[in-house]
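A.B. asks: A structural model of the following input is requested.
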Amino acid sequence: MSMEKTYRYILSNQKRYLAELFPLLQCKSISPLPQYKNDLLTCANMMKALMENIGLKASVFETDGNPIVFGETLQRKGLPTILFYGHYDVQPEGDLSKWESDPYKPEVRDGKIFARGAGDNKGQFFANLKGLEAYQATHDDLPVNVKFLCEGEEENGSRSLLPFVKSHKSLLKADVTIWSDSNIHASGRPMLILGLKGICYVKFTAHGPTRDIHSMYAPVLENPVWTLIRLFSELKDKNDKVNIPGFYFGALQPGEAEKKVIRDIPADLTSFKKDWQVDSLLGAENPEEFYTRYIYSPTLNIGCINAGLIEGAKNIVPSVATAFVDMRLVPGQNSQKIIQSLRDYVKALGFGNVEIEARGDNASFTPMDNPFVEILKNILKDVWNKEPVILPGLGGSGPFNVFNECLEAPCIMLPYAYPDQHDHGPNESMSIEGLMLGIQTCATIINRFQKNQPH
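C.D. replies: Below you'll find the model as predicted:
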């Protein structure tokens with residue numbers, strides 16, 4: 001069925017799309033900070049209204065955390081079902097002095113929408129909503145069942161998502177899950193991303209004296225910062241290998257199909273070095289090694305150590321030191337077993353007085369030979385007029401496992417944002433061109449899904 005009428009409809013409505021998206025971007029739906037609970041509820045209701053405005057039956061579900069918004073078309077038996085997932089919550093804006101405009105007053109400059117959440121993830125989820133709207137406005141019949149699931153905790157660990165999915169499996173039942181997040185490849189080619197790593201979030205707390213004490217007493221007082229430094233020196237060896245017993249047990253390695261697509265990923269590593277202002281990539285000096293490690297190497301990273309005051313001289317033995325560690329996991333690793341092994345290892349090393357708070361999620365990759373991969377690859381090629389890049393996984397983490405294992409609706413990520421979107425950073429943006437191509441992509445998926453439905 002021709003899509004020309006649909007594409008013309010989409011192009012003619014660009015101005016309206018921006019007018020409808022901007023109020024969503026103005027909402028401070030910041031999930032990592034507790035003072036924005038009311039804003040998150042407001043944003044959830046705004047998302048529900050957007051769904052209802054395109055004819056979906058929509059509801060806002062309360063959870064133990066932030067609300068989840070669900071909408072669906074009239075469900076007809078015998079038709080394939082697509083579930084579009086996304087999130088309406090955002091990261092804090094960070095240092096406002098580094099923003100060229102107010103992060104919650106969307107502004108268009110150089111063909112881009114600048115605002116917090118423009119790319120991650122309100123703009124990209126909005127594109128899929130508008131793709132359905134455009135298809136319905138230009139066709140008499142909908143050839144598939146379509147569902148939308150939008151949560152409010154993705155930027156804070158998606159804690160409520162798995163319990164919600166477990167208790168609403170019938171409502172969410174689908175053949176495939178499509179998640180538009182992240183960004184297209186730096187070469188300008190669209191991407192299919194087939195998985196995300198798992199993660200263990202760990203907070204370490206070491207205690208010293210009951211209060212900060214003058215450092216002249218350092219010879220006779222245990223310094224909690226040194227406690228953490230000595231502990232962390234035991235967690236990895238000089239070759240960057242994690243020493244936690246059983247850490248690598250079951251870790252997935254790439255097969256021949258995965259190795260081939262990794263070799264096909266276009267990459268100029270000098271651009272990474274220039275952007276990050278580093279001289280070394282820890283030995284990953286060619287694209288194949290770089291992406292193999294990026295996708296398939298589990299690791300342990302220290303995000304921050306905090307004690308005392310940074311500004312000004314303060315010669316003290318601090319009373320407490322905390323540190324945040326993230327362990328990125330690949331399929332086959334068990335986050336809960338690794339957390340327990342970490343606890344046991346820390347105790348065996350003699351650091352039993354260091355407090356550990358931890359939680360984790362497992363990794364999940366959709367297999368390369370999943371039939372939906374080829375369908376979506378061909379759609380991207382036709383809409384974007386470029387050969388897609390396939391990534392077996394990303395180095396980041398997210399709830400792929402919820403859809404792949406719990407719901408059994410394989411998840412595939414289709415980014416619409418451009419590589420310079422600056423998600424999580426200052427001056428986050430969404431290219432208008434990417435937004436429009438995303439709307440076209442979603443409409444085309446709806447058009448082609450039925451006749452290409454795997455059997």
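A.B. asks: Please tell me how far the residue nearest to Ala218 when sequence neighbours are not counted sits from Ser215.
C.D. replies: For Ala218, the nearest residue in space outside its immediate sequence neighbours is Val317; the separation is 5.4 Å by C-beta to C-beta, 6 or more residues apart in numbering. For glycine as for every other residue, the C-beta is placed from the backbone atoms N, C-alpha and C. According to C-beta to C-beta, to the nearest Å, Val317 stands 6 Å off from Ser215.
A.B. asks: Give me the contacts around the strand or helix carrying Val146.
C.D. replies: Val146 belongs to strand 145-151 when elements are defined using DSSP states H and E. Contact partners of strand 145-151, identified using C-beta atoms under 8 Å, 6 or more residues apart in numbering, comprise 44, 47, 51, 56, 58, 66, 68-73, 75-76, 79-89, 125, 128-129, 132, 158, 160-161, 164, 172, 174, 446.
A.B. asks: Listing request: residues of the stretch 351-455 of the chain with sub-threshold pLDDT.
C.D. replies: Across the stretch 351-455 of the chain, the stretches falling below the confidence threshold (pLDDT under 70) are 451-455.
A.B. asks: How are the helices of the stretch 351-455 of the chain distributed by residue range?
C.D. replies: Using DSSP state H, counting those that start in this stretch, the helices of the stretch 351-455 of the chain run over 371-384, 400-401, 432-449.
A.B. asks: which strands and helices sit next to the second one?
C.D. replies: In other words, helix 400-401. Helices and strands touching helix 400-401, by 3 or more C-beta pairs under 8 Å, 6 or more residues apart in numbering; DSSP states H and E, are strand 195-207, strand 364-365.
A.B. asks: and it, how far from the chain's centre?
C.D. replies: Taking the mean C-alpha point of helix 400-401 and that of its whole chain, the gap between them comes to 11 Å (C-alpha atoms, centre = their mean, to the nearest Å).
A.B. asks: So which residues make contact with that helix?
C.D. replies: Residues external to helix 400-401 that are found in contact with it (C-beta under 8 Å, 6+ apart): Gly195, Leu196, Gly198, Asp361, Asn362, Ala363, Ser364, Phe365, Thr366, Cys411.
A.B. asks: which SSE is Gln75 in?
C.D. replies: Once you assign secondary structure using DSSP H and E, Gln75 falls outside every helix and strand.
A.B. asks: That one: what's it in contact with?
C.D. replies: Thr81, Asn145 are the contacts of Gln75 under C-beta under 8 Å, 6+ apart.
A.B. asks: could you redo the last one with a cut-off of 6 Å?
C.D. replies: Asn145 (C-beta atoms under 6 Å, 6 or more residues apart in numbering).
A.B. asks: Now it. Its backbone dihedrals?
C.D. replies: Listed backbone geometry of Gln75 is phi -80, psi 130, with angles given as degrees, to the nearest 10.
A.B. asks: Any figure for the gap between it and Cys406?
C.D. replies: Taking C-beta to C-beta as the criterion, Gln75 is separated from Cys406 by 20 Å.
A.B. asks: now Leu83
C.D. replies: Taken as C-beta to C-beta, the spacing of Leu83 relative to Cys406 amounts to 12 Å.
A.B. asks: which of these two has more neighbours?
C.D. replies: Ranked by neighbour count (other C-beta atoms under 10 Å), Leu83 and Cys406 place Leu83 first, with 23 against 16.
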